[in-house]
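Q: got a sequence here, can you build the structure:
(one chain, ligands or ions: 1)
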Amino acid sequence: MILEELKRNAACKAVEEYVKSGMVVGLGTGTTASWVIRHLGELLARGELQNIRGISTSHRSTSLALESGIPLVTLTEARPDLTIDGADEISPDLDLVKGRGGALLREKIVAAASDALIVVADETKLFEQLGHTRLPVEVEPFGWETTLEALSSLGSEPELRTLAGEPVRTDGNHYTIDCAFGLIEDPAALEAEIKRIPGALECGLFVNMARAAVIGSREGTRILKPR
Ligand SMILES: O=C(CO)[C@H](O)[C@H](O)COP(=O)(O)O
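A: Numbering: from 1, shown residues only. I've put the predicted structure just below:
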């Protein structure tokens, strides 16, 4: 089974298990979250779900939601009953690393405003400990070099995210610094340390936020709860 099928299976199961008619749903960003948006659109078109409104976490997800026929609202108008989003790493406590897709600040704002966060992923995202991939930190472009130095002094190897030699801009017009910390012993403590840096707007550690993870694997799709 190819990875894309595992992501799709997880996304469809999460929608069918957790989304009820009338809900406001936070729409994540990334390839797995895209399957969530498509499946929500299909169920709405078939009348199996009704009166769903989405709150999007990125321009990409906004375009896909509108193409899929999902009416969108903003956080000014409503709060999500739940958010379904992908992740780059998932620990047994369901702590997460997110942000490889460049939307972590808006994703965290929407997830924090939701009654529940449900993660969707394929089985390659499960780890005993977080820190196998670089931890993304969304930063203010002004003085980003000093923010990079501060992230380095926390013990990471930080790297500004670039494309064709230019800094990549998030939807909020910020930069992202990807930090190699190695294995992370205490995600909550690291998150707190990073957030003390003035130019660091938000980091990709989502600690104690996910209520469940729906995981697509070759043996089937399963739902994990925090350990
Ligand atoms: O955090 C994210 C975007 O900021 C994504 O949810 C994360 O990178 C996972 O993406 P994918 O489902 O494409 O593997």
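Q: can you list the residues of this protein near the ligand?
A: Residues of the chain lying near the ligand by CB under 6 Å from any ligand atom: 28-33, 85-88, 98-104, 107. Bear in mind the C-beta positions are built from the backbone N, C-alpha and C, glycine included.
Q: what subset of those is buried?
A: 28-30, 32-33, 85-88, 98-104, 107 (16 or more other CB atoms under 10 Å).
Q: run a quick neighbour tally on Arg79.
A: 13 (other CB atoms under 10 Å).
Q: quick check: closest non-adjacent residue to it.
A: Ala113 (5.3 Å; CB to CB, 6 or more residues apart in numbering).
Q: re earlier: which members of the buried ones among the residues of the chain next to the ligand are positioned in strands?
A: Mapping those onto strands (DSSP state E) picks out Asp85.
Q: mind listing which of the buried ones among the residues of the chain next to the ligand are in helices?
A: 32-33, 104, 107 (DSSP state H).
Q: widest-spaced pair of those residues?
A: The largest distance within these, taken as CB to CB, falls between Thr32 and Leu104 and amounts to 14.9 Å.
Q: could you point out the longest strand of the chain?
A: The chain, longest strand under DSSP E: strand 210-217.
Q: domain boundaries for the protein, per the record?
A: 3-123+207-218, 135-199 (automatic domain parsing).
Q: give the rounded mean pLDDT of stretch 200-212.
A: For stretch 200-212, mean pLDDT rounds to 98.
Q: ok, now stretch 73-87?
A: 98.
Q: list the buried residues for that stretch?
A: Quick answer for stretch 73-87 (16+ other CB under 10 Å): 80-87.
Q: on that earlier part again, can you list the neighbours in contact with the longest strand of the chain?
A: When contacts are defined by CB atoms under 8 Å, 6 or more residues apart in numbering, strand 210-217 is touched by residues 5-11, 13-14, 17-18, 87, 90, 94-96, 116-123, 125-126, 221-226.
Q: and stretch 185-204, end to end?
A: In stretch 185-204, first residue to last residue: 15 Å (CA to CA, to the nearest Å).
Q: buried residues in that stretch?
A: So for stretch 185-204, counting by 16+ other CB under 10 Å, buried means 187, 190-191, 193-194, 197, 199-204.
Q: quick check, Arg218 in contact with Leu6.
A: Yes - contact criterion CB atoms under 8 Å: Arg218 and Leu6 qualify, at 7.3 Å.
Q: shared neighbours of these two, anything?
A: In contact with both Arg218 and Leu6: Glu123, using CB under 8 Å, 6+ apart.
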